[in-house]
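Asker: Need a 3D model of the sequence below.
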Amino acid sequence: MNSCVSSVMTLKRSGPSHAAKKLAFFGVNAGLAEPQAFATFLAPLKRCEWVVYSKKSFGGPEAALAYPSGYTHRVAISNRRLVAADAAKVSFKYKDYRRGWIRDSRTARCQPYFLPA
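Answerer: Numbering: from 1, shown residues only. Predicted coordinates for the structure are as follows:
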């Protein structure tokens, strides 16, 4: 399926999914749970003309699917590197390549995401 068609179909499905409460909104996006706010958010996306450049895959459909499939289950921070985590932050170990591969740790604040419920 062409990605332009896919984007338009996703936009068309978002309204019914929102009405059926199948979408969850967190943090700064929590206000999008209200129907009017969600409609206002989507309005400019529905008005623009979606133009996507695509060309036939060199290796056929199998090659086109194999490429992104290598990225769908990548883990940004593996379990062995986790030090601590809670609802507000996550701490992890890492190697700083710029400082001669020195091992260090860092704590990052959790960010809100737009996720399906």
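Asker: part of a strand, is V90?
Answerer: Yes: note on V90: a strand contains this position according to DSSP: H, G, I helix; E, B strand; the rest coil.
Asker: I'd say it and C110 touch.
Answerer: Yes: look at V90 against C110 with CB atoms under 8 Å: they come within range, at 6.5 Å. For glycine as for every other residue, the C-beta is placed from the backbone atoms N, C-alpha and C.
Asker: More neighbours: these two, which one.
Answerer: In this comparison of V90 against C110, neighbours counted by other CB atoms under 10 Å, the higher total goes to V90 at 16 against 13.
Asker: so how far is F25 from the more buried one?
Answerer: In this structure, V90 and F25 are 21 Å apart, going by CB to CB, to the nearest Å.
Asker: same question, D86
Answerer: Using CB to CB, one obtains 21 Å as the distance from D86 to F25.
Asker: Settle it for me: which of these two has more neighbours?
Answerer: In this comparison of D86 against F25, neighbours counted by other CB under 10 Å, the higher total goes to F25 at 19 against 8.
Asker: Specify the beta-bridge partners of the more buried one.
Answerer: When assigned by DSSP bridges, F25 has beta-bridge partners F114.
Asker: now it: how far from L45?
Answerer: For F25, the distance to L45 (CB to CB) stands at 16 Å.
Asker: just L65 next, same as before
Answerer: From L65 over to L45 the distance is 26 Å, taken as CB to CB.
Asker: all helices of the chain, in order?
Answerer: 3-19, 35-47, 60-69 (DSSP state H).
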